[in-house]
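In: okay, here's the prediction I keep looking at, along with the sequence it came from:
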Amino acid sequence: MPAGRSASESDNASVRRSGDACVQQAVYLQPREKKAAAAPTGNAAAPKTVSQSATQAKATPPSKDGISTPQTADARPEDKAASPAPDDTAGRTPGRPEKNGASPRDDSLAWQTPRHPGNGSANLFQDEASAPQIADPLEKWNRFWFRVNDGIYLKVARPISRVYSAVVPRYLRDRINNVYQNALFPARFVNALLQLRLDKAARELGRFFINSTFGLGGMYDLAAGKPGMGPQDIDFGQTLGVWGMGHGFYLVLPFLGPSSFRDGIGLLADSSMLPTSYLGRTPYLITLGGRTAGAVNSLPETLKDYLELQRIAIEPYTALRDAYAQSRAKLVEDARQPMQLPARNAGREAPAQSP
C-alpha cells in the first residue's frame, strides 16, 4: 500500500474518533444541563467546579471553634436577594408604636396575659387571686380558733375516733345515726313549710311515719328505698338564704368548726325546734348532749374528710372556708328550685305517631 494513502487514512480515522468522542461527551452532559436549567434559582447555589471549590476553601479562614465558615469574595445576585434583611427592631421597646403608628406584635410577651379558655378577656391570675366567696372580717379570730380546733381534732378527737370505731362496728353506728336523724324531723319539717315547699314537707312527714313505725323507731331507714323518699338536708340557715339573706361573715365556732353569721342564727333556731329543748329543767343541755352524741357517732367519717382536705390543700384555712361557702351556696340554690310535682302522664306510654 502507498505511504501517502496510509497517512491520509490514519488522519481520517483520528478525525472520526475525535468526532465520536465529542458526540458522546455532548450526550453525557445533556441531562446535567437540563437538570441545572430546571433547578429553582431562589436560594439554590449554582454547581461549582473543582477549581472554584478549591479556591473557596483556600480563601476561607478558620473560626475560633476550628470550624471553617465558607466566605466568597463576591456573592451572586440571587444570594444577595435571598439573604435575610437586618433586624431593625433590635433597639425598639416591645409593644411601643412605630413612627408610622403601627404597633408590632411581640409573641415573646404572650405569656404575661394568659386567656381563659371560655372567655377571651378573662385573666387566669385574676381568677386565682379573686376575693373570697364569703366576707372574713374576723380572720385573726377565726384563724385562732381554727388552730385550736385543729389541735383538738388531731390530738383528742382522732384517738377517740379510733377507739370508738374499734368498739362500735359500722352497722351499729349506722343504726345510731338513723335514730339521730329521725329525731331531727321537727326542724326539717318546719323549715320545709317556711320555705313554702309542700313537697319537701310531705316527704319529711312520710319518712318520719314509715321509719318511726316500720323502721323500729328510726333504726332502719326503710323510706329511703321508696322513689322520691330519700333523706333531705334542710335547716333554718338554708331557709334564711332562700328568702334572700346572705352569709353575713365567716365565723369559726369553738369545737364546732366553720359557720357563718346566718348559719349561727340557724343553728340556734333549729335547736329550739327540737322536742328535747322542752324537756326537764335544763332542756338545752339535753339538746347539746344529743348533738354531741350525734357528732361523736359520725366522727370517723368527718375526720376522714377533714384529713383529706388538709392533705391536698396548700392553705387549709382558706380551703376550708371556701369549701364551706360553696357547699352552703349550693344548698340554698337547690332549695330555690321549683317544686317537683309528679307528671300527669307518668307511667303511660306515649301515643304512636303516624308516619
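Out: Received, thanks.

In: and the gap between residue 186 and residue 302?
Out: Computed as CB to CB, to the nearest Å, the residue 186 to residue 302 distance reads 24 Å. C-betas here are computed from N, CA, C, even on glycine.

In: please apply the same query to residue 245.
Out: Residue 245 sits at a distance of 27 Å from residue 302 (criterion: CB to CB).

In: the strands in the stretch 251-355 of the chain, which residues?
Out: With DSSP state E, counting those that start in this stretch as the definition, the stretch 251-355 of the chain shows strands at residue ranges 257-260.

In: any low-confidence regions in it?
Out: Regions of the stretch 251-355 of the chain meeting the criterion pLDDT under 70 cover residues 339-355.

In: which residues in it form helices?
Out: For the stretch 251-355 of the chain, applying DSSP state H, counting those that start in this stretch gives helices covering 261-272, 283-297, 299-312, 316-335.

In: what does the third one contact?
Out: Going back to what we said before, that points to helix 299-312. The set of residues that contact helix 299-312 without belonging to it, under CB atoms under 8 Å, 6 or more residues apart in numbering, is 153, 157-158, 160-161, 164-165, 173, 295, 316, 319-320, 323.

In: switch the cut-off to 10 Å
Out: Outside of helix 299-312, the residues that reach it under the criterion CB atoms under 10 Å, 6 or more residues apart in numbering are 149-150, 153-154, 157-158, 160-162, 164-165, 168, 170, 173, 177, 257, 295-296, 316, 319-320, 323.

In: let's see the PyMOL selection covering just the buried ones among these.
Out: Command for PyMOL that selects the buried part of those, burial taken from 16 or more other CB atoms under 10 Å:
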select buried, resi 149+150+153+157+158+161+173+177+257+296+320
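
In: now, of the helices of the stretch 251-355 of the chain, which is deepest in the fold?
Out: The highest mean neighbour count among the helices of the stretch 251-355 of the chain, using mean count of other CB atoms under 10 Å, belongs to helix 261-272: a mean of 18.

In: and of the helices of the stretch 251-355 of the chain, who's closest to residue 202?
Out: Across the helices of the stretch 251-355 of the chain, residue 202 has its closest neighbour in helix 316-335 (15.6 Å, CB to CB).

In: tell me which other helices or strands the closest one touches.
Out: Contact analysis of helix 316-335 by 3 or more CB pairs under 10 Å, 6 or more residues apart in numbering; DSSP states H and E lists helix 139-152, helix 236-242, strand 250-253, strand 257-260, helix 261-272, helix 299-312 as its packing neighbours.

In: of all those, which one is nearest residue 288?
Out: Ranking the helices and strands packed on helix 316-335 by distance to residue 288, with CB to CB as the measure, places helix 261-272 first at 8.1 Å.

In: packing partners for that closest one?
Out: So helix 261-272, by 3+ CB pairs under 10 Å, 6+ apart, packs with helix 185-194, helix 236-242, strand 250-253, strand 257-260, helix 283-297, helix 316-335.

In: what would these look like in CSV with distance to residue 219?
Out: Conversion of the helices and strands packed on helix 261-272 to CSV gives the following (distance: least, CB to CB, whole Å):
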stretch, distance to residue 219
helix 185-194, 14
helix 236-242, 27
strand 250-253, 30
strand 257-260, 28
helix 283-297, 13
helix 316-335, 27
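
In: out of these, nearest to residue 133?
Out: Comparing those by their distance to residue 133 (CB to CB), the top pick is helix 316-335, with 4.2 Å.

In: the closest one versus helix 185-194: what angle between them?
Out: Computed by axes from the mean of the first three to the mean of the last three CA atoms, to 10 degrees, the angle separating helix 316-335 from helix 185-194 equals 60 degrees.

In: quick check: angle from helix 316-335 to helix 261-272?
Out: Relative orientation of helix 316-335 and helix 261-272, computed by the same axes, to 10 degrees: 70 degrees.

In: convert the C-alpha atoms of helix 316-335 to PDB, please.
Out: As requested, C-alpha coordinates have been extracted for helix 316-335 and formatted as PDB (Å, rounded to 0.1, in the frame of the first residue of the first chain):
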ATOM      1  CA  PRO A 316     -56.100  24.600 104.900                       C
ATOM      2  CA  TYR A 317     -57.800  27.600 106.500                       C
ATOM      3  CA  THR A 318     -58.700  29.200 103.100                       C
ATOM      4  CA  ALA A 319     -59.600  25.900 101.500                       C
ATOM      5  CA  LEU A 320     -62.000  25.000 104.400                       C
ATOM      6  CA  ARG A 321     -63.600  28.500 104.300                       C
ATOM      7  CA  ASP A 322     -64.100  28.400 100.500                       C
ATOM      8  CA  ALA A 323     -65.400  24.900 100.600                       C
ATOM      9  CA  TYR A 324     -67.900  25.700 103.300                       C
ATOM     10  CA  ALA A 325     -69.200  28.800 101.500                       C
ATOM     11  CA  GLN A 326     -69.600  26.800  98.200                       C
ATOM     12  CA  SER A 327     -71.400  24.000  99.800                       C
ATOM     13  CA  ARG A 328     -73.900  26.300 101.600                       C
ATOM     14  CA  ALA A 329     -74.500  28.300  98.500                       C
ATOM     15  CA  LYS A 330     -75.200  25.100  96.600                       C
ATOM     16  CA  LEU A 331     -77.600  24.100  99.300                       C
ATOM     17  CA  VAL A 332     -79.500  27.300  99.000                       C
ATOM     18  CA  GLU A 333     -79.500  27.200  95.200                       C
ATOM     19  CA  ASP A 334     -81.000  23.700  95.300                       C
ATOM     20  CA  ALA A 335     -83.700  24.800  97.700                       C
END
